[in-house]
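1. Sequence first, then the predicted structure, then my questions.
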Amino acid sequence: QVQLQESGPGLVKPSQTITLTCSVSGGSITRNYFAWSWTRQPPGKGLEWMGLIAYDGNTYYSPSLKSRSSISRDTSKNQISLQLISVTPEDTAVYYCARVPRVGEFDSWGQGTQVTVSS
């Protein structure tokens with residue numbers, strides 16, 4: 001059974017760049033035809049899909065975050081990363097990675113990592 005574990009910086013200041021990592025165990029991130037996504041949930045709000053990286057390395061982003069976000073992978077470590085630049089307090093959220101077996105479906109989630117943007 002695949003397991004996902006997010007990690008991140010916790011507390012950051014506005015305008016900084018954050019990098020979050022999702023470590024995957026129990027399954028390869030290059031396995032056909034899965035994708036791996038990042039989603040966040042700000043306090044008191046719903047889930048916001050941010051983007052994903054497919055088994056072949058192709059990436060897709062939410063239009064609202066495309067200019068500030070970048071998803072990559074390290075196949076040697078079986079990890080997915082999310083970089084978000086120029087963060088503001090509005091980026092405060094719990095960030096989740098999830099496995100995507102097909103478009104619109106998520107079958108495994110990490111427990112999430114809290115990112116707080118505050119001066």
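-> Cool, the structure landed. Numbers count the residues shown, from 1 in each chain.
2. List the buried residues in stretch 63-72.
-> For stretch 63-72, the neighbour count (16 or more other Cβ atoms under 10 Å) marks 65, 68-71 as buried. Just so you know, the C-beta spots here come from the backbone N, C-alpha and C atoms, and that holds for glycine as well.
3. what's the straight distance from one end of it to the other?
-> 17 Å (Cα to Cα, to the nearest Å).
4. So for it, mean pLDDT?
-> Mean pLDDT, stretch 63-72: 97.
5. From the chain's centroid, how far away is that stretch?
-> Here stretch 63-72 is found 11 Å from its chain centre; the criterion is Cα atoms, centre = their mean, to the nearest Å.
6. next one: stretch 27-44
-> With Cα atoms, centre = their mean, you get 6 Å for stretch 27-44.
7. could you list every residue that touches the nearest residue to L11 once chain neighbours are set aside?
-> With sequence-adjacent residues excluded and distances taken as Cβ to Cβ, 6 or more residues apart in numbering, L11 is closest to T116, at 5.0 Å. Going by Cβ atoms under 8 Å, 6 or more residues apart in numbering, T116 touches 10-12, 92.
8. And these, which of them are buried?
-> For the contacts of T116, a burial check counting by 16+ other Cβ under 10 Å picks out 12, 92.
9. Out of the contacts of T116, flag the one nearest to G27.
-> Using Cβ to Cβ, G10 comes nearest to G27 of the contacts of T116, at 27.3 Å.
10. quick one: the closest one from T116, how far?
-> Distance from G10 to T116, counting by Cβ to Cβ, to the nearest Å: 7 Å.
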